[in-house]
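Engineer: Sharing a sequence plus its predicted fold:
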Amino acid sequence: MKKFLVAIGVLLFAAALAFTGFTLVKMIQKQQAAPASAQDDAASAASSTAVALPQPELGVYKLVETEMDLLEALDYEIKQNRDTVGWLIVPNTQISNSVLQAHDNTAYLRTDERHQPSIYGCYFADYTCSIGPREVLSPNTVIYGHSDLKDNPDGPRFSQLFKFTDPEFARQNPYIQFSTIDDFMDWEIFAVFYPNVDMNYIETNLSGSELVALANEAKAQSIYDYDVTVGETDKILTLSTCTVKYGSSDYEHRFVVMAKLVPEGTEKKVNADLKEKTSTDQQTEE
């Protein structure tokens with residue numbers, strides 16, 4: 001009888017353990033299936049404060065200095081992941097990585113360049129963008145990336161964009177490179193700003209007049225006044241990430257750097273021609 005009771009106890013314990021394990025797996029699956037959002041970023045950032053994080057995730061970071069370097073890097077990455085469409089370089093940051101594009105804007109939110117789970121995902125172009133040589137680019141090429149939601153310029157991924165909140169850094173780094181396997185392209189920055197998500201700055205297929213209107217609104221909201229004009233035949237690049245400038249519970253704003261495509265053969269500037277805006281300047285433009 002005693003042996004029988006022991007056996008029953010063992011079976012009950014095993015059943016409870018199995019049920020607990022099953023429940024835990026289902027919880028994890030549910031969390032992984034949940035749509036990513038700024039709230040998810042906030043939760044990830046909060047949990048990271050309790051544990052020392054490693055150095056910023058660089059993804060497939062590779063120092064690219066020449067067009068040959070670029071071609072080799074892109075050729076390799078395309079072989080690793082056919083969703084690779086370009087290479088993004090923000091000078092004097094840790095941003096020198098491949099850019100991917102999928103059939104929607106959720107595929108790479110929490111997946112890196114090698115299809116591995118990652119809270120920081122990777123850099124990806126809006127699925128509505130036309131990517132290729134400059135002639136076929138959409139009027140507005142939009143690239144997304146995560147930040148650590150601390151607005152920390154030394155953080156991972158697009159956290160590095162917050163370096164542009166330093167006027168001296170912005171002055172010394174007037175260009176971004178976003179290139180494809182077909183075309184090596186420089187882009188001149190004309191706006192650094194914190195738009196509300198109600199501003200449709202991620203619309204990719206714009207008419208000439210719509211493009212100018214968007215650029216002018218971005219310049220009006222920019223923390224700097226750049227001496228760069230955008231015309232109806234220009235093409236622009238938009239880098240977008242999350243921010244906590246207006247509080248950790250605010251999910252309605254983003255941090256954006258915008259630049260326009262530099263025509264081939266144009267002599268590049270050493271420094272950006274910009275001035276810091278005062279609060280009075282910004283109120284006047286509003």
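Structural biologist: Alright, I've got the coordinates. Numbers count the residues shown, from 1 in each chain.

Engineer: Centre of the chain to stretch 172-184, how far?
Structural biologist: Centroid separation between stretch 172-184 and its chain, computed with Cα atoms, centre = their mean, to the nearest Å, is 16 Å.

Engineer: how about that stretch as PDB, C-alpha atoms only?
Structural biologist: Only the C-alpha atoms of stretch 172-184 are listed here, as PDB (Å, rounded to 0.1, in the frame of the first residue of the first chain):
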ATOM      1  CA  GLN A 172      31.200  67.700 -38.600                       C
ATOM      2  CA  ASN A 173      29.100  64.900 -40.100                       C
ATOM      3  CA  PRO A 174      26.900  66.400 -42.900                       C
ATOM      4  CA  TYR A 175      26.400  63.200 -44.900                       C
ATOM      5  CA  ILE A 176      25.000  59.700 -44.700                       C
ATOM      6  CA  GLN A 177      25.700  56.900 -47.200                       C
ATOM      7  CA  PHE A 178      22.900  54.600 -48.200                       C
ATOM      8  CA  SER A 179      24.000  52.600 -51.200                       C
ATOM      9  CA  THR A 180      22.800  49.600 -53.200                       C
ATOM     10  CA  ILE A 181      24.700  47.000 -55.200                       C
ATOM     11  CA  ASP A 182      23.900  49.200 -58.200                       C
ATOM     12  CA  ASP A 183      24.800  52.600 -56.900                       C
ATOM     13  CA  PHE A 184      27.100  54.300 -54.300                       C
END
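
Engineer: pLDDT averaged over it - what is it?
Structural biologist: In this model, stretch 172-184 has an average pLDDT of 97.

Engineer: and it, which residues are buried?
Structural biologist: 173, 174, 175, 176, 177, 178, 179, 180, 181, 183, 184 (16 or more other Cβ atoms under 10 Å). Any C-beta I mention is one placed from the backbone N, CA and C, and that applies to glycine too.

Engineer: mind checking the SS state of residue 210?
Structural biologist: helix (DSSP: H, G, I helix; E, B strand; the rest coil).

Engineer: how near is the closest residue in space to it that isn't next to it in sequence to residue 256?
Structural biologist: Once flanking residues are discounted, residue 210 sits nearest to residue 203: 7.5 Å by Cβ to Cβ, 6 or more residues apart in numbering. Separation of residue 203 from residue 256 (Cβ to Cβ, to the nearest Å): 13 Å.

Engineer: The two: who's more crowded?
Structural biologist: Comparing residue 203 with residue 256 by other Cβ atoms under 10 Å, the one with more neighbours is residue 256, at 23 against 17.

Engineer: how close does residue 162 get to residue 261?
Structural biologist: Residue 162 is 24 Å from residue 261, by Cβ to Cβ.

Engineer: So which of the two has more stuff around it?
Structural biologist: Using other Cβ under 10 Å, the more surrounded residue of residue 162 and residue 261 is residue 162, with 24 against 21.

Engineer: so what's the more buried one closest to, chain neighbours aside?
Structural biologist: Leaving aside its sequence neighbours, residue 162 is closest to residue 153 (4.2 Å, by Cβ to Cβ, 6+ apart).

Engineer: a helix runs through the one you found, doesn't it?
Structural biologist: No - assigned with three-state DSSP, residue 153 falls outside any helix and is coil.

Engineer: and it, what is it in contact with?
Structural biologist: Residue 153 makes contact with 159, 160, 161, 162, 163, 165, 166 under the criterion Cβ atoms under 8 Å, 6 or more residues apart in numbering.

Engineer: and with 7 Å instead?
Structural biologist: 159, 160, 162, 163 (Cβ atoms under 7 Å, 6 or more residues apart in numbering).

Engineer: Among those, which lie within helices?
Structural biologist: The members of these all map outside helices under DSSP state H.

Engineer: Mind picking the two most distant members of the residues you listed?
Structural biologist: Greatest spacing in the contacts of residue 153, by Cβ to Cβ: 159 and 163 (9.1 Å).

Engineer: Tell me where the model's unsure across the stretch 151-286 of the chain.
Structural biologist: When residues are selected by pLDDT under 70, those of the stretch 151-286 of the chain lie in 279-286.

Engineer: Could you check what's spatially nearest to residue 62, not counting adjacent residues?
Structural biologist: residue 73 (5.1 Å).

Engineer: Residue 159 and residue 163: who's more crowded?
Structural biologist: Per other Cβ under 10 Å, whichever of residue 159 and residue 163 has more neighbours is residue 159, with 27 against 18.
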